[in-house]
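Novice: Dropping a prediction and its sequence here:
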Amino acid sequence: MMLALLLAALAAPADLTGFYASSQMEVAAAIDLEADGKFEYSLDYGAASEVAEGTWTSDGTTVYLTSTKMEGAYKQPGFTREPLAVDGTTLILHRYDTTIRFKRDESLPTPPNRNTKL
């Protein structure tokens, strides 16, 4: 019983799973938080273009990303428990010299042919 409660507490919260996108000027970014605790991320911002995949966790107020693969990060390290603040249905990431706001997008279906090779 105790183990089941611990595992449930460590699991990714279902209410945060989904596809999020940014529609800010000069920023093209998206992140997909999957129910199994995995994520996919992409960012194009100025000269920076990067993609990542890995695992995510949350304490309810913050989502933490840990990348297992990352390509294109310009003078930035990969994600090691990278925090994204949760503000309702928006995730907030501070990267490079900007704040990126990812809004949950319920209108797009999950792509059936996920990229499994970065």
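Specialist: Yes, it's here.

Novice: Distance from the one helix or strand K69 maps to to the middle of the chain?
Specialist: Here K69 sits within strand 62-71, counting by DSSP states H and E. Remark: strand 62-71 is offset 7 Å from the chain centroid, using CA atoms, centre = their mean, to the nearest Å.

Novice: what does stretch 56-74 give?
Specialist: The chain centre lies 6 Å from the centre of stretch 56-74; the measure is CA atoms, centre = their mean.

Novice: List the buried residues of it.
Specialist: Using 16 or more other CB atoms under 10 Å as the test for burial, stretch 56-74 gives 56, 58, 63, 65, 67, 70, 73. (Glycine included, C-beta is placed from N, CA and C.)

Novice: Spit out the contact partners of the third one.
Specialist: For V63, the residues meeting the contact criterion (CB atoms under 8 Å, 6 or more residues apart in numbering) are 16, 33, 56-57, 83-84, 86, 91.

Novice: What's opposite it in the beta bridge?
Specialist: S58, L84 (DSSP bridges).

Novice: Also the fifth one?
Specialist: Here S67 sits in beta bridges with G54, as judged by DSSP bridges.

Novice: Contact partners for the spatially most central residue of the chain?
Specialist: In the chain, the residue lying closest to the centroid (CA atoms, centre = their mean) is I31, at 4.4 Å. Residues near I31 by CB under 8 Å, 6+ apart: 19-20, 39-42, 91, 102.

Novice: Would you map the strands across the chain?
Specialist: Using DSSP state E, the strands of the chain run over 18-22, 27-33, 38-45, 48-58, 62-71, 82-87, 90-95, 98-104.
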